[in-house]
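Undergrad: Next comes the sequence, and after it the predicted model I'd like to discuss.
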Amino acid sequence: MVTELPVRIEFRLPEGWQAAPPDEVGAPGVAFVALHPASANGFTANMTIAGQVRDPELTMVDIADESVRRLEETASSVQVRKRVEVGSAQAPGITQVLDITLGAEQEIVQCQVYVSMHDVEDPERRAVLEFMLTCTEAQLDDVFEDFQEFVRTVRAAEPGQ
């Protein structure tokens with residue numbers, strides 16, 4: 001089941017990353033997945049995009065807290081390493097870095113960026129897009145700059161594209 005985003009966006013994938021069908025790589029519920037094959041050494045670093053229409057009264061901190069709670073339902077532990085509110089009152093966002101333990105032996109890092117966007121065709125609709133980088137601590141230095149570059153390229157798509 002491919003999930004669509006609530007707003008149309010454009011972005012550019014950094015060199016060395018490959019798009020993959022979300023359902024085929026075990027990521028149902030996201031609209032886009034990119035894998036970093038060069039990092040595959042027990043865990044393949046990946047970037048995902050998901051999003052949904054959200055209540056305008058819901059704060060970005062509330063949304064970030066929801067994400068932590070969702071992860072806590074399946075992970076052994078989730079710790080917020082860093083959280084920073086970004087953007088403006090008209091276009092708020094939040095970033096957070098999470099340390100996640102899955103089972104007894106697998107520790108991963110998840111960098112999350114939540115961005116509030118208004119639909120260019122319906123400005124009253126508030127969508128929150130979620131961009132995530134998931135990797136091991138050892139991979140983080142190699143892929144974090146790519147993730148930042150990736151997020152910087154995201155733009156609302158023009159109507160009709």
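TA: Perfect, I can see it now.
Undergrad: Let me see the ranges of the helices in this protein.
TA: Using DSSP state H, the helices of the chain run over 60-72, 137-152.
Undergrad: Output those as a markdown table; include the columns mean pLDDT and distance to G26.
TA: No exception for glycine: its C-beta is placed from N, CA and C like everyone else's. Shown next, in a markdown table, are the helices of the chain (pLDDT from 0 to 100; distance: least, CB to CB, whole Å):
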| stretch | mean pLDDT | distance to G26 |
| --- | --- | --- |
| helix 60-72 | 96 | 15 |
| helix 137-152 | 96 | 18 |
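Undergrad: and N46, which of those helices is closest to it?
TA: Nearest to N46 among these is helix 137-152 (9.2 Å), distances taken as CB to CB.
Undergrad: what comes up buried for that closest one?
TA: 139-140, 143-144, 146-147, 150-151 (16 or more other CB atoms under 10 Å).
Undergrad: now stretch 82-102
TA: For stretch 82-102, by 16+ other CB under 10 Å, it's 83, 92-100.
Undergrad: same thing with stretch 68-85?
TA: Within stretch 68-85, the residues scored as buried using 16+ other CB under 10 Å are 68, 71, 75, 78, 83.
Undergrad: Over to stretch 34-44?
TA: The neighbour-count check on stretch 34-44 (16+ other CB under 10 Å) flags 34-36, 39, 43-44 as buried.
Undergrad: and these, which two are the farthest apart?
TA: A34 and F43 (14.8 Å).
Undergrad: CSV please, covering the buried residues of stretch 82-102 and showing distance to I108 and pLDDT.
TA: Shown next, in CSV, are the buried residues of stretch 82-102 (distance: CB to CB, whole Å; pLDDT from 0 to 100):
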residue, distance to I108, pLDDT
R83, 17, 98
P92, 27, 90
G93, 23, 93
I94, 20, 97
T95, 17, 97
Q96, 14, 98
V97, 11, 98
L98, 9, 98
D99, 8, 97
I100, 5, 97
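Undergrad: which of those residues lies closest to L129?
TA: After measuring these against L129 - CB to CB - the closest member comes out as G93, at 9.2 Å.
Undergrad: residue contacts, the closest one?
TA: By CB atoms under 8 Å, 6 or more residues apart in numbering, the contact set of G93 is 60, 85-87, 113-116.
Undergrad: Many thanks, we can stop here.
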